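S.K.: Quick one, fold the following:
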Amino acid sequence: MNLYPGNIIQEYSSYPFAFTPVQYQTQPVLPSYQMYQTNLQAVLPLLRRTIQGERNDELFYDYLIQNAPSNQDKEIITSIRDDERRHRQMFKQMYYALTGQTIESTDSMPFERPPSYLAGIEKAIFGELGAVELYRKIYFTIPYTVFKNMVFEILTDELKHASKYNFLYAKNK
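M.R.: This next block holds a predicted model:
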């Protein structure tokens, strides 16, 4: 019994990707697919960098909270800062589970005060979007579904944060 119309295969045959089931592949995985393979050695430095980055974000957001022009702004940024704290703990748990070693973040990076609250919000927007790019790399390289699920949660939080900062930017412009 044919469940699909006769032309459905033709419609998708021009699709730009052609996948061959793994058991039928005669060549090693192409380099373009390497970014989708888990790699413990590649993910560990990314996790270390991320743990420090989340700490720096938390300190920066403390500054924004102190300089927020309204209670609504303070509440929004406080919720984001609290998420960043939770993310740092989650990344530290992943690192410990993968290595058996604890990792602590330091306050070694000097804090650069933005010229204005609005400039700080703009910096926060692009910081959150940059984090999404980094966390996507972590998602692709980290082993085990449980860690991928944790990274996915964090990644979607970062997208939500960028949207909230975008709202604050538009509101205060």
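S.K.: Which residue is the nearest non-sequential neighbour of residue 101?
M.R.: Excluding the flanking residues, the one nearest residue 101 by C-beta to C-beta, 6 or more residues apart in numbering is residue 95, at 7.2 Å. For glycine as for every other residue, the C-beta is placed from the backbone atoms N, C-alpha and C.
S.K.: name the element the one you found belongs to?
M.R.: helix 71-99 (DSSP states H and E).
S.K.: For the following helix or strand past that helix, give me every contacting residue.
M.R.: Under the assignment DSSP H and E, the closest C-terminal helix or strand after helix 71-99 is helix 117-141. Residues outside helix 117-141 that contact it (C-beta atoms under 8 Å, 6 or more residues apart in numbering): 35-40, 42-43, 46-47, 49-50, 53, 57, 60-61, 63-64, 67-69, 114, 148, 151-152, 154-155, 158-159, 161-162, 165-166, 168-169, 172-173.
S.K.: just the buried members of these?
M.R.: Buried members of the contacts of helix 117-141, counted by 16 or more other C-beta atoms under 10 Å: 42-43, 46-47, 50, 53, 57, 60-61, 63-64, 67-68, 114, 148, 151, 154-155, 158, 161-162, 165-166, 168-169.
S.K.: before we move on, back to that, and the angle from the helix holding residue 95 to helix 117-141?
M.R.: Comparing the axes of helix 71-99 and helix 117-141 via axes from the mean of the first three to the mean of the last three C-alpha atoms, to 10 degrees yields an angle of 30 degrees.
S.K.: buried stuff in helix 71-99?
M.R.: So helix 71-99, judged by 16+ other C-beta under 10 Å, has buried residues 73, 76-77, 80-81, 83-84, 87-88, 90-92, 94-95, 98.
S.K.: circling back to that earlier point, the residue nearest to residue 101 touches residue 52, doesn't it?
M.R.: No - with contact defined as C-beta atoms under 8 Å, residue 95 and residue 52 do not form a contacting pair (11.6 Å).
S.K.: any weak-confidence spans in this structure?
M.R.: 1-35, 105-110 (pLDDT under 70).
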